[in-house]
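S.K.: Prediction below, plus the sequence it came from.
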Amino acid sequence: MPAPDSPFKSLSTCQNSMLVAYQTKIRQQQQFLKQVREILPTHLEEHVLYCVVSGKQCLLYADAEEWAAQVRAFLPIILHTLQASSLPKLELIQVRIVSEPKSQQVSRKANLPSKRNIELLRESFQAIEDDELKSALARLSRTLEKLS
C-alpha cells in the first residue's frame, strides 16, 4: 500500500529564489570562515567559530575573550588576504565573543549553628510554657544535631 501524500514538501524539492539566495549566502560565509581559518595559526583556527558577512563588513565570532584578543592581532593580515582574494571585498573585520550559556550548578550548603548554640536552644525551650512551640523547638534541635 503506498504511503499517503504528505502535505509537507522536502526542502530539496522547494527551490525558490529566496532559498537559493540564502544557500548562496551561507556558502559564501563558509568560504570566508575557511579562508580566515587558513590564515590563522593552528592554535587559533579552532577558536574562530562563525563568520558573518554583511555588505563590506565581516564579523568573526570566537569562543572566549583570550582567543578573540589573539585573533584581533591578526586582523590586518586577515583583511589584506581577504581583499586580495576573489571573494567580495571587505573594508572592516570585527571580532566578537560567543558566550555559551553555562549550566549553573549552585552548591548549597546549610548554614548550621554550632554545637554550643544547639545546646543553648535545647536549654531555652525548657522554660517555654506553650506545648506546641516547645515540641517544635525540640524537633528543630534534634534535626540540627543530626545535621551537624
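M.R.: It's in.
S.K.: quick one: low-confidence ranges for this structure?
M.R.: The model of the chain has pLDDT under 70 over residues 1-6, 8-15, 100-105.
S.K.: Show the residue spans covered by the helices in it.
M.R.: According to DSSP state H, the chain carries its helices in the segments 17-39, 42-45, 65-73, 75-84, 115-124, 131-147.
S.K.: Among those helices, which comes closest to Val53?
M.R.: Among the helices of the chain, helix 17-39 comes nearest to Val53, with 5.4 Å by CB to CB. For every residue, glycine as well, the C-beta is placed using N, CA and C.
S.K.: now the closest one against helix 75-84, angle please.
M.R.: Following axes from the mean of the first three to the mean of the last three CA atoms, to 10 degrees, one obtains 130 degrees for the angle between helix 17-39 and helix 75-84.
S.K.: Buried residues in helix 17-39, which are they?
M.R.: For helix 17-39, burial by neighbour count (16 or more other CB atoms under 10 Å) applies to Gln29, Gln31, Phe32, Leu33, Val36, Arg37, Ile39.
S.K.: and what of stretch 130-137?
M.R.: Neighbour count says stretch 130-137 has Leu137 buried, by 16+ other CB under 10 Å.
S.K.: how far is it from where the chain is centred?
M.R.: 50 Å (CA atoms, centre = their mean, to the nearest Å).
S.K.: And for stretch 64-72?
M.R.: On CA atoms, centre = their mean, the centre of stretch 64-72 falls 16 Å from that of its chain.
S.K.: and the closest residue to Ile118 other than its chain neighbours, what does it touch?
M.R.: Distances taken as CB to CB, 6 or more residues apart in numbering put Leu144 closest to Ile118, at 5.0 Å, once the chain neighbours are dropped. Applying CB atoms under 8 Å, 6 or more residues apart in numbering to Leu144 gives the contacts Leu112, Pro113, Ile118, Leu121.
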